[in-house]
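Undergrad: give me a model of this one.
(one chain, ligands or ions: 1)
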Amino acid sequence: MLKLDGATVRFRQRAALDAVDLEVADHETVCVLGPSGSGKSTLLRVVAGLQPLDAGRVLLGGADQAGVPVHKRGLGLMFQDHQLFPQRDVAGNVAFGLRMRGASRAEQAARVGELLDLVGLPGAQRRAVAALSGGEQQRVALARALAPSPRLLMLDEPLGQLDRTLRERLVVELRSLFGRLGTTVLAVTHDQGEAFALADRVVVMRDGRIAQTGTPLEVWQRPASEFVARFLGFENVVPATVTGTVAATPWGKVPVASGSPQGEARLLVRPGGVRLVPARDGLPCEVVSRTFRGNHVALRLRPGAGPLLEAECELSASPEPGDAVGVAFAAGGVVVLGEE
Ligand SMILES: Nc1ncnc2c1ncn2[C@@H]1O[C@H](COP(=O)(O)OP(=O)(O)OP(=O)(O)O)[C@@H](O)[C@H]1O
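TA: Just a heads-up that it's a prediction; the model follows:
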């Protein structure tokens, strides 16, 4: 469906996109994630035809898009800077792309009704856009982008303005909607929770390049590098020397999976791989803090040597700050990271 082939954009000397290769298959939802300035918006703008390439190609359905203007690419755009038209009502906004294509009034009305049902705003045709909540406006923007049945739907921070509860609900609705419609989606977000909930595949960007691509589970379980691990919020990363299935670290010996890369490496211990045991049976640590996180407790532990350790435990088994605990490591929660 979509292919980027060595896509490069430079602003002055700096590459905002640096020879990016990316493919999105029919019916696939791909989320591009990355810190501010990593090139996410530039990537979307290049695909939309809003930003010319300095090198490389963008292909849609196998056809090179060089010289093809935005409105001829068959894309649905829901961008932060593409606000709704405040002077038009909901129906006027949703029908925008249909009018541009010369659809009859009857066709427009039927399609608008269908789309408002789809996004959970049945009967909202005549409502004023300014009188809608943020979440409702977001749904109208989505209906507008979907109206002309685009071959590729592109979303830039689709739920960026909304509060967390609404975002979490909408993300689930969006995923099921895209599944039902068979829409192909390329979305950009800096919120990993959103990307992981929405995507079939995530692409993590760093400085205009792809740092890792994989299913949400693959990236979460096996971050490719220290950059990706830290971007995902993991903090237990230390230097290590791996020999067989054991890594020597500042926290002592840590088991690693057989087949792990050998020698000097950076090592990630996911909080789930840190098990609490009686103080005399493991690495002795003091509990520095604990934070309730819904169904578990996040702990910060200070070992005798090495950096602080993040751990997780059940609500009912949680020690208190100041308590002495022991730590054992589980190989299933340990990842030998690749080179940056
Ligand atoms: N029009 C422009 N002129 C000059 N530099 C630009 C322009 N647009 C983007 N850049 C630079 O290109 C780099 C990538 O920007 P881009 O907006 O693609 O990042 P992003 O990952 O979308 O960031 P954010 O999450 O903050 O929106 C940044 O260093 C940015 O400053």
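
Undergrad: look up how far residue 299 lies from the closest residue to residue 312 other than its chain neighbours.
TA: In space, and not counting its chain neighbours, residue 312 is closest to residue 271: 4.4 Å by Cβ to Cβ, 6 or more residues apart in numbering. Where you see a C-beta, it was placed from the backbone N, CA and C, and this is true even at glycine. Separation of residue 271 from residue 299 (Cβ to Cβ, to the nearest Å): 8 Å.

Undergrad: neighbour count winner among the two?
TA: residue 299 (26 against 19; other Cβ atoms under 10 Å).

Undergrad: so when I look at that one, I'm seeing a helix, right?
TA: No - counting by DSSP: H, G, I helix; E, B strand; the rest coil, residue 299 is not part of a helix but strand.

Undergrad: where along the stretch 201-340 of the chain do the strands fall?
TA: Per DSSP state E, counting those that start in this stretch, the stretch 201-340 of the chain carries strands over the ranges 201-206, 209-214, 237-243, 246-249, 252-255, 263-269, 274-277, 283-293, 296-303, 309-314, 324-329, 334-337.

Undergrad: of these, flag the one that's most buried.
TA: Neighbour counts (mean count of other Cβ atoms under 10 Å) averaged over each of these peak at strand 201-206, with a mean of 23.

Undergrad: who touches stretch 32-42?
TA: Stretch 32-42 has contacts (Cβ atoms under 8 Å, 6 or more residues apart in numbering) with 9, 16-18, 20, 43-44, 51, 156, 186-190, 192, 195, 202-209, 211, 231.

Undergrad: give the buried residues for the helix or strand residue 6 falls within.
TA: Secondary structure assigned from DSSP states H and E places residue 6 in strand 2-11. Within strand 2-11, the residues scored as buried using 16 or more other Cβ atoms under 10 Å are 2-5, 7-9.

Undergrad: thinking again about what came up before, the residue nearest to residue 312 touches residue 313, doesn't it?
TA: No - if you go by Cβ atoms under 8 Å, residue 271 and residue 313 don't touch, sitting 9.3 Å apart.

Undergrad: so what are the domain limits for the protein?
TA: Following automatic domain parsing, the chain resolves into domains at 2-222, 228-337.

Undergrad: rank those by pLDDT, which is bottom?
TA: Of all the domains of the chain, domain 2-222 carries the lowest average pLDDT, namely a mean of 91.

Undergrad: flag every residue of the stretch 51-200 of the chain that's near the ligand.
TA: residue 190 (Cβ under 6 Å from any ligand atom).

Undergrad: and residue 284, what does it touch?
TA: Taking Cβ under 8 Å, 6+ apart, one finds 303-304, 324-326 in contact with residue 284.

Undergrad: again, 6 Å this time
TA: residue 304 (Cβ atoms under 6 Å, 6 or more residues apart in numbering).

Undergrad: for residue 313, see how far away it is.
TA: From residue 284 over to residue 313 (counting by Cβ to Cβ), the distance is 17 Å.

Undergrad: helix, strand, or coil at residue 142?
TA: helix.

Undergrad: from residue 183, how far out is residue 27?
TA: Distance from residue 27 to residue 183, by Cβ to Cβ: 7 Å.
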